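Undergrad: Got a sequence here, can you model it:
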Amino acid sequence: MPSPEMKPLGAQISHMLKDRGIDVIFGIPGVHNQELYRGIEEAGLTHVLARHEQGAGFMADGYARASGKPGVCYVITGPGLTNVMTPMGQAYSDSVPLLVLSSCLNRSDLGMARGRLHEMKDQRAAAETVADWSKIAMDAQTAYQLIDQALTEFDSARPRPKHIQIPIEVLEARSEAQGPRGRAAKLSGGTLDVSEISARLISARRPVFVFGGGCADGETSALAGPVLDAFGAACFLTYAGRGVVPSAHPLNFGSFLARPTSAEIFGGADLIIAVGTTLSETDLWRDDLGGTAPLVRIDVDTEVLTDHHTAGTTVYADAQAFFVRALG
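TA: Below you'll find the predicted structure:
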């Protein structure tokens, strides 16, 4: 639980994260972000020290992929943030939930070009180029609100990195604790109607699924195999979707979308359903899947549903909700 007593905001943030289900922090302490580190041990968090912030970011990325929990990094102003931007960019491309908390200059120094230690022209804007969003918290309540916003969006929308920067003096200021918050629910399948898609799957003779990273969490991936079995469908996996269906499954073609033979298989399909995937260049290495079969897209990102892979049917839904409804 959050510590009820007044503490520096940096320490309270560690307590808040622990209360929100975060167990591990990756990063490097420094003079600017030392207040973030003050509450780590007291809150019962595990800290993984890196030699370079790029390493911290990639470890957090790997932790998020393996655990299904957000990866969280604590970094300093300026070079700490720029060093972690490469793994942030990778997490953005691969839809990995990565939360980067950085210090920044004091409020009166922001944008003033006074030559302060680790000063950048606009570090918030720099981080925004590789993040879903990058925001500044000028007070404790804003910091708490932004952290909850990030964690909520990781649960309820396409998970991409978020950056929150907090002025040093705000991290140092004594603050009240933030209370508990319930975990956000995923998009519900309760009112999702997939009967038309199910009917098409039943009538199709050679249906093929493409499962991406949006299917990769444990509860969701456990349903992917039964969906294949229920409809007699085959599948490909994107690189981000590896492991969604066991490699030994007889109808799993694996992560070989870029092979010429995959285009031949899609050319022989009479229905293609892509679930939780952008069908990215690095998976296909060609402009389209191949063939003329109708394409159905299932995703929580409207940009994916309206991209250049023109789909005849699109469903704005979480992969798990779709699987549950399809299995009826």
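Undergrad: Give the buried residues for the least confident helix or strand in the chain by mean pLDDT.
TA: Lowest on mean pLDDT, DSSP states H and E among the helices and strands of the chain sits helix 302-305, with a mean of 89. With burial defined by 16 or more other CB atoms under 10 Å, the residues of helix 302-305 counted as buried are 304, 305. Every C-beta, even on glycine, is put in place using the N, C-alpha and C of the backbone.
Undergrad: repeat for stretch 8-18
TA: Neighbour-count burial for stretch 8-18 [16+ other CB under 10 Å]: 8, 9, 10, 11, 12, 13, 14, 15, 16, 17, 18.
Undergrad: measure the closest residue to residue 113 other than its chain neighbours to residue 132 for me?
TA: Counting by CB to CB, 6 or more residues apart in numbering, residue 119 is the residue found nearest to residue 113 once chain neighbours are left out, at 7.4 Å. Residue 119 sits 25 Å away from residue 132, going by CB to CB, to the nearest Å.
Undergrad: Let me know the secondary structure of residue 236.
TA: Three-state call for residue 236 (DSSP: H, G, I helix; E, B strand; the rest coil): strand.
Undergrad: repeat for residue 298
TA: Residue 298 - assigned by three-state DSSP - is strand.
Undergrad: now it, nearest residue through space, not along the chain?
TA: Per CB to CB, 6+ apart, closest to residue 298 is residue 275, 4.4 Å.
Undergrad: ok, that neighbour - contacts?
TA: 209, 210, 211, 212, 214, 215, 298, 299, 319, 322, 323 (CB atoms under 8 Å, 6 or more residues apart in numbering).
Undergrad: Inside strands: which ones of these?
TA: 209, 210, 211, 298, 299 (DSSP state E).
Undergrad: Torsion angles phi and psi at the residue nearest to residue 298?
TA: With angles defined as degrees, to the nearest 10, residue 275 sits at phi -120, psi 120.
Undergrad: how close does it get to residue 212?
TA: 7 Å.
Undergrad: neighbours of the closest residue in space to residue 106 that isn't next to it in sequence, just the number please.
TA: Nearest residue to residue 106, sequence neighbours excluded (CB to CB, 6+ apart): residue 169, at 4.7 Å. By the measure other CB atoms under 10 Å, the count of residues near residue 169 is 15.
Undergrad: same deal with residue 327?
TA: Residue 327: 14 neighbours (other CB under 10 Å).
Undergrad: so what's residue 135 up against?
TA: Contacts of residue 135 (CB under 8 Å, 6+ apart): 124, 146, 162, 163, 164, 165.
Undergrad: The last one is in what secondary structure piece?
TA: In this case it means residue 165. Take DSSP states H and E as the rule and residue 165 turns out to sit in strand 162-167.
Undergrad: and the next element down the chain from that strand?
TA: Past strand 162-167, the next helix or strand by DSSP H and E is helix 168-172.
Undergrad: who touches that following helix?
TA: By CB under 8 Å, 6+ apart, the list of residues contacting helix 168-172 from outside reads 8-10, 32-33, 35-36, 77, 103-107, 137-140, 143.
Undergrad: Return the set of residues that bridge with residue 313.
TA: residue 296 (DSSP bridges).
Undergrad: Residue 194 versus that one, what's the distance?
TA: Residue 313 is 10 Å from residue 194, by CB to CB.
Undergrad: More neighbours: the two, which one.
TA: More neighbours surround residue 194 than the other of residue 313 and residue 194, with 22 against 15 (other CB under 10 Å).
Undergrad: for the more buried one, what are its contacts?
TA: Contacts of residue 194 by CB under 8 Å, 6+ apart are 315, 322, 325, 326.
Undergrad: now do 6 Å
TA: 325, 326 (CB atoms under 6 Å, 6 or more residues apart in numbering).
Undergrad: Which pLDDT value belongs to it?
TA: Note on residue 194: pLDDT of 90.
Undergrad: Thanks again, I'm all set now.
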